[in-house]
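1. Predicted model and sequence below, questions to follow.
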Amino acid sequence: MINKTKLALGIAAATLTMTGALISPQAMAHSKAERVAEAASNKANALEAQLQAMQAELASLKAQANRPASSAEAGKIQELDQWMASVKSAPKASKREEDHMLFFRGGYGHTNAQRGGTLDPTSFGALSNQNGLVNGPISDKDSWYFGAGFDFSLDQNLFGLMDNTEVIGELMFDYKQLGERKQNGLNAAATTAEGLPIPANTQTATVNQLTLAASPKIKFMKGNKFRPWLIPVGFEINVISPPSNAITVLNPGMQFGVGADYKIWKDLYVGADARYHQSLGNMDGVRTDGVTAGGYLGIGF
């Protein structure tokens, strides 16, 4: 009886051992699958959470974009729109803001006084210092002139005082001829009275004058084809020939002028001007006071 009981227990233990050996791999495999499934589930949950956060942020941005702008922002936007409209409606600026010009001029001149004669100090020694040996007036009052000049634009609106009124610096020269073949040197009657022969080489002179001037010029109506201008006062130096009784050749002075020009084609201009020339004093018997009037041809750039 005892042996049968031991045999039955042994068979039961062996059966349990074999059953455990068969069940254990299945249990382990089932546990690993559960862990993999759980990890996958956690990743899916994390991705879902991120997607929900992104959706929430996108909704917030859309809400901000659709939200009405504040009054300050609306004012800035309106101001910007007005500025853009004014820029679009403003007339386009001309290609050249500054009006420089090279011009060539010529015309008629008239002096207030005749030019005096000169002595030749090399001809008769002491006699050249005696009174009555000069020829007296040796030129006419009327003359013709030609010259050229350059206008340089300095300011577009009279230094802020007047719109469309340009300030220009003018540099100019002109050559003026008052007379030809005028007697020069010692007076023939005076040398005869002194008992001296008239020199065989007595010369005649061409009476002329070179003027160099620098002046401010105020030019009106900028942007128009027709533009008047004026020179309130300018400085000039006159080089005279023949020289004065004291052999002086330079006579400073002032000039005042008015004129106008008209654009005829592209940067080509025609104009007319009148100027009054005032010397600063009597330069050893010579005055260069007078007027000039004429026309000019200008090339703008």
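-> Arrived safely, thanks for sending. Residues are numbered from 1 along each chain as shown.
2. my guess is residue 156 meets residue 166, correct?
-> Yes. Between residue 156 and residue 166 there is a contact under CB atoms under 8 Å: 5.9 Å. Where you see a C-beta, it was placed from the backbone N, CA and C, and this is true even at glycine.
3. More neighbours: the two, which one.
-> Shown here are residue 156 and residue 166; by other CB atoms under 10 Å, residue 166 has more neighbours (23 against 16).
4. For that one, give me its contacts.
-> Applying CB atoms under 8 Å, 6 or more residues apart in numbering to residue 166 gives the contacts 99, 153, 154, 155, 156, 157, 158, 218, 219, 220, 222.
5. Quick one: which of the residues you listed has the lowest pLDDT value?
-> On pLDDT alone, residue 99 ranks lowest of those, at 86.
6. ok, for that residue, nearest residue in space, not its chain neighbours?
-> Among residues not flanking residue 99 along the chain, residue 153 sits closest, at 5.2 Å (CB to CB, 6 or more residues apart in numbering).
7. Report the buried residues of the helix or strand hosting that neighbour.
-> Using DSSP states H and E, residue 153 sits within strand 142-155. Neighbour counts over strand 142-155 (16 or more other CB atoms under 10 Å) mark 143, 145, 147, 148, 149, 151, 153 as buried.
8. what angle sits between the one helix or strand residue 218 maps to and strand 142-155?
-> Assessed by DSSP H and E, residue 218 sits inside strand 204-219. Counting by axes from the mean of the first three to the mean of the last three CA atoms, to 10 degrees, strand 204-219 lies at 30 degrees to strand 142-155.
9. Export only the CA atoms of strand 204-219, formatted as CSV.
-> C-alpha atoms of strand 204-219 as CSV (Å, rounded to 0.1, in the frame of the first residue of the first chain):
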residue,chain,number,x,y,z
THR,A,204,47.3,153.2,-84.1
ALA,A,205,45.5,151.1,-81.5
THR,A,206,42.6,148.8,-81.3
VAL,A,207,40.8,149.7,-78.1
ASN,A,208,39.4,146.7,-76.3
GLN,A,209,38.5,145.3,-72.9
LEU,A,210,38.4,141.8,-71.3
THR,A,211,36.0,141.3,-68.4
LEU,A,212,36.2,138.5,-65.9
ALA,A,213,33.2,138.2,-63.6
ALA,A,214,31.7,136.0,-60.8
SER,A,215,28.1,136.6,-59.8
PRO,A,216,25.3,134.9,-57.9
LYS,A,217,22.2,134.4,-60.1
ILE,A,218,18.7,133.8,-58.9
LYS,A,219,16.7,131.8,-61.4
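10. No further queries at this time; thank you.
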